[in-house]
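*Asks:* coordinates only, sequence not included:
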């Protein structure tokens, strides 16, 4: 992944990141709100050497002596010998070990100072304990340093700063906790976003289509939330982005092979629900609107949809012709003002693969080629059944419909391998339900129509009719107008 991919991923997963940030920040605020405030009181003691001789040399030796002893003194400030009398003096209901957790002492480097700190939920109690500990600490050091033979102790601790009443608690630090919560939530959110994006194996980029199939992308069909309710968008709203997407598909399909343009095209997908039938219908309609003689054949003999989408009779059709119960003229139905010819599925047979791979099917395709410029064949998905592979082998090639964010890379790879196994030609791929908004959106611009700004764009040589139909300058179009 490069920086653009990370940027796209962060924009796409922004809700995950924001959720993690809000949860972590909220947890930090909640923990700070329910935590008991803790106050800190501090005192400071000065360690000095006591000597009757006030010469400069002795003073220097005394200073070195006290610096060496200071660190040891700081270690005994929270011992029972110091804290026991403090507990008795203040009447505290804690043990020496419990109070020791609240008392600490530090000795700044190269000084003869000792700082004593006391933490307590009560500000006044923290102050009182700090002052009492300092006084008792000084007494204990004097006792420890007094020679056994008698005489004054060589070291003296003097309280130089009494503890004041703390006004603000030192804990919880709400602002610091909120900042840490924000940073933790941000790191967690970005980590989850990267993890989710890494685990997501669905197809979302044109580059993936080209890399897996080795074929170009013929079109990006724009997302339309009304596609299931109104699948024939090219007939209902010919000026919409989705309609223009199918016109782009029509043009690019005709430019696949200029010298030998495909005439029998199988429209298939990896699995069900990726929009192959609606793609076949709308592609056939846009071809017919351009003046091309088109036959739309419903060869999905397991779950036929085209008759339902187009509103034609489906009880007589392809299977009726293949088994000799009807002629091709009887089974073909004209749809719309453009003169699109539709061959519905007919009765659903028990052996679809055998029928579609039979000699009768080959003969039927030859008859259709004599009467039409282009035959669009809606085939079943490739992974569940082999019907599409059988058809692709006897046709000019197949177009694989991939649904954005649904088809997985592994599924597309298996689909391409299935076609390669039977030596079928992959004419190209179609990305269906491509988003028009968000980080993965494909931009549109105005010209004679909308144009996709993606890496797989091909130049289009079009003219525009008064009805808004785009007429491709290809052999099929010229042959249709002869």
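*Replies:* That came in fine, so what should we check first? Computed from a prediction, not measured in an experiment: that's the story for all the values here.
*Asks:* Show me the beta-bridge partners of residue 295.
*Replies:* For residue 295, the beta-bridge partners under DSSP bridges are residue 341, residue 375.
*Asks:* Domain ranges for the protein, per the record?
*Replies:* 3-35+173-199, 39-161, 206-480 (automatic domain parsing).
*Asks:* Could you tell me the per-residue confidence at residue 448?
*Replies:* Note on residue 448: pLDDT of 33.
*Asks:* now swap in residue 463 and tell me
*Replies:* 34.
*Asks:* By residue count, what's the longest helix in the protein?
*Replies:* The longest helix of the chain (DSSP state H) is helix 174-199.
*Asks:* following that helix, which helix or strand comes up?
*Replies:* Following helix 174-199 in sequence order, the next helix or strand is helix 206-213 (DSSP states H and E).
*Asks:* Check which strands are paired with the helix or strand just after that following helix and give the direction for each one.
*Replies:* Next helix or strand after helix 206-213 toward the C-terminus (DSSP H and E): strand 217-222. Paired strands of strand 217-222, with direction, are strand 426-434 (parallel) (DSSP bridges).
*Asks:* in the strand it pairs with, what's buried?
*Replies:* 426-434 (16 or more other C-beta atoms under 10 Å). Placement of C-beta: from N, CA and C, glycine included.
*Asks:* and residue 171, backbone torsions?
*Replies:* phi -150, psi 140 (degrees, to the nearest 10).
*Asks:* For it, give the beta-bridge partners.
*Replies:* Assigned bridge partners for residue 171, using DSSP bridges, are residue 38.
*Asks:* Quick check: it vs residue 394, distance?
*Replies:* Distance of residue 171 to residue 394, given as C-beta to C-beta, to the nearest Å: 79 Å.
*Asks:* So, low pLDDT: which residues of the stretch 101-250 of the chain?
*Replies:* Regions of the stretch 101-250 of the chain meeting the criterion pLDDT under 70 cover residues 226-228, 234-235.
*Asks:* Can you point out the buried residues in the longest helix of the chain?
*Replies:* By neighbour count on 16+ other C-beta under 10 Å, the buried set for helix 174-199 is 177-178, 181, 184-186, 188-190, 193, 197.
*Asks:* Over to stretch 322-337?
*Replies:* Of the residues in stretch 322-337, 322, 326, 328, 331-333, 335 count as buried by neighbour count, 16+ other C-beta under 10 Å.
*Asks:* So what touches the helix or strand where residue 17 lies?
*Replies:* In this structure, residue 17 sits in helix 14-34 according to DSSP H and E. For helix 14-34, contacts defined as C-beta atoms under 8 Å, 6 or more residues apart in numbering pick out 10, 172-174, 177-178, 180-182, 184-186, 188-190, 192-193, 196.
*Asks:* So which residues of the stretch 51-200 of the chain form strands?
*Replies:* 103-106, 113-120, 155-161 (DSSP state E, counting those that start in this stretch).
*Asks:* Give the partner strands of the longest one in its sheet and their orientations.
*Replies:* Same thing as strand 113-120. Next to strand 113-120 in the sheet, as set by DSSP bridges, lie strand 39-49 (antiparallel), strand 103-106 (antiparallel).
*Asks:* what's the closest of these to residue 295?
*Replies:* strand 39-49 (87.7 Å; C-beta to C-beta).
*Asks:* ok now that closest one, how far from the chain's centre?
*Replies:* 56 Å (C-alpha atoms, centre = their mean, to the nearest Å).
*Asks:* can you check stretch 360-379 too?
*Replies:* Here the centre of stretch 360-379 is set off from its chain's centre by 44 Å, with C-alpha atoms, centre = their mean.
*Asks:* Repeat that for stretch 22-29.
*Replies:* In this view, stretch 22-29 has its centroid 22 Å away from the chain centroid, taken as C-alpha atoms, centre = their mean.
*Asks:* ok so, going back, list the buried residues in the helix holding residue 17.
*Replies:* The neighbour-count check on helix 14-34 (16+ other C-beta under 10 Å) flags 16-17, 20-21, 24-25, 28, 32 as buried.
*Asks:* angle of it against helix 174-199?
*Replies:* 150 degrees (axes from the mean of the first three to the mean of the last three C-alpha atoms, to 10 degrees).
*Asks:* Show me the shaky parts of the stretch 301-450 of the chain.
*Replies:* The low-confidence ranges in the stretch 301-450 of the chain, as defined by pLDDT under 70, are 438-450.
*Asks:* now with 50?
*Replies:* Applying pLDDT under 50 to the stretch 301-450 of the chain picks out residues 443-450.
*Asks:* Do a quick rundown of the strands in it.
*Replies:* In the stretch 301-450 of the chain, the strands defined using DSSP E, counting those that start in this stretch lie at 333-335, 340-343, 374-378, 397-403, 426-434, 444-446, 450-452.
*Asks:* quick one: contacts of stretch 331-342?
*Replies:* 235, 284-285, 288-289, 293-296, 298, 306-307, 310, 312-313, 316-318, 320-321, 343-344, 346, 372.
*Asks:* Among those, the buried ones, what's the ChimeraX command?
*Replies:* Buried subset of these, written as a ChimeraX selection, criterion 16+ other C-beta under 10 Å:
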select :235,284,285,288,289,293,294,295,296,298,306,307,310,312,316,317,318,320,321,343,344,346,372
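*Asks:* Distance of the residue lying farthest from the centre of the chain relative to residue 427?
*Replies:* In the chain, the residue that sits farthest from the middle, by C-alpha atoms, centre = their mean, is residue 149; the gap is 79.6 Å. Noted for residue 149: a distance of 109 Å to residue 427, by C-beta to C-beta.
*Asks:* Repeat that for residue 343.
*Replies:* Taking C-beta to C-beta, one finds residue 343 at 21 Å from residue 427.
*Asks:* And for residue 72?
*Replies:* Look at residue 72 and residue 427: by C-beta to C-beta, they are 87 Å apart.
*Asks:* these two touch, right, residue 206 and residue 220?
*Replies:* Yes - at 7.5 Å, residue 206 and residue 220 qualify as touching, with contact defined as C-beta atoms under 8 Å.
*Asks:* Those two: who's more crowded?
*Replies:* It is residue 220, of residue 206 and residue 220, that has more neighbours when counted by other C-beta atoms under 10 Å, with 25 against 20.
*Asks:* Quick check: the residue nearest to the more buried one when sequence neighbours are not counted vs residue 383, distance?
*Replies:* Nearest non-adjacent residue to residue 220, counting by C-beta to C-beta, 6 or more residues apart in numbering: residue 434, 4.3 Å away. The gap separating residue 434 from residue 383 is 22 Å, by C-beta to C-beta.
*Asks:* Also residue 297?
*Replies:* In terms of C-beta to C-beta, residue 297 sits 21 Å off from residue 383.
*Asks:* So for these two, which sits in the more crowded spot?
*Replies:* Using other C-beta under 10 Å, the more surrounded residue of residue 297 and residue 383 is residue 297, with 29 against 17.
*Asks:* need the contact list for that one.
*Replies:* Shown in contact with residue 297 (C-beta under 8 Å, 6+ apart): 318, 343, 368, 375-378.
*Asks:* between these, which is nearest residue 50?
*Replies:* Closest approach to residue 50 among the contacts of residue 297 (C-beta to C-beta): residue 378, at 105.5 Å.
*Asks:* Please verify my assumption that that closest one contacts residue 301.
*Replies:* No - using C-beta under 8 Å as the test, residue 378 is too far from residue 301 to be in contact (10.4 Å).
*Asks:* so which of the strands paired with strand 113-120 gets nearest residue 215?
*Replies:* strand 39-49 (71.4 Å).
*Asks:* Before I go, just wanted to say thanks for your time.
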